[in-house]
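A.B. asks: Compute the structure for the input listed below.
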Amino acid sequence: MEMKISTIAFYLCLILCLCSCGNSRKKDAVLLAELTRSELILPPAPTTNQPRILVYVGEGECGVCSLRLPEWYTKINELRQTGIDSMQVLFVVEEREMPRMEAAVAESHIARIREIVAIRPDSARLFLTTNPIPSDYRFHTFLLDKENRVVLVGSPIGNPKMWELYKSTIARLAAHGGTLPDEQTKMPLGQ
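C.D. replies: Prediction:
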């Protein structure tokens, strides 16, 4: 009898977990749809008036792990070889991660890394509370147009297909002065 009750309790917990995971995915899907063409409110930073890649590093995420400086350096250099030389990767990070991330960039042996990577604190979690950021860290990388509108969501690091999508979209952004014509911004994210 005790075995039956514990088995029933196990399956009940499993069903509840699966239902809650489904709700989290649905919530993230709704947030991703909201992000399409929405403008992100960024922390104070020098205005570049250029498209950029933004990576949000939230509470509980390893900021230094997210940096992946060699990969970003390689990708930005690949863009520069095609004539796109103004792309920057902006990291917006939870304040407690700032010292470690700044130290990692300062200690990097990669030439010109400070030109490519900028790090800004998410002071008082303002970025997180003013923007619809999905809970899933896989959706914390954004390609922004020059007006800080989201064009793509998802990281191209370790994902060759996503990187090809980033490159083609960045080329279209460059060809159209940093924004996409309306008909091009209606394409689905990450496809």
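
A.B. asks: give me phi/psi at the residue positioned nearest the centre of the chain?
C.D. replies: The centroid of the chain falls nearest to T141 when counting by Cα atoms, centre = their mean (1.0 Å). Note on T141: backbone dihedrals following degrees, to the nearest 10 are phi -120, psi 130.

A.B. asks: For it, list the residues it contacts.
C.D. replies: I53, L54, V55, Y56, V153, G154, S155, P156, I157 (Cβ atoms under 8 Å, 6 or more residues apart in numbering). Heads up, the C-betas are built off the backbone N, CA and C, glycines and all.

A.B. asks: can you give me the helices for this protein?
C.D. replies: All helices of the chain, identified by DSSP state H, fall at 2-35, 63-67, 69-81, 98-106, 113-116, 126-130, 160-175, 182-185.

A.B. asks: Could you pull out the buried residues of the fifth one?
C.D. replies: Think helix 113-116. Neighbour counts using 16 or more other Cβ atoms under 10 Å place I113, I116 of helix 113-116 among the buried residues.

A.B. asks: How about exporting it as PDB, limited to the C-alpha atoms?
C.D. replies: Extracted C-alpha coordinates of helix 113-116, given in PDB (Å, rounded to 0.1, in the frame of the first residue of the first chain):
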ATOM      1  CA  ILE A 113      39.000  43.200 -27.700                       C
ATOM      2  CA  ARG A 114      38.000  46.400 -26.000                       C
ATOM      3  CA  GLU A 115      36.800  47.800 -29.300                       C
ATOM      4  CA  ILE A 116      34.600  44.800 -29.900                       C
END
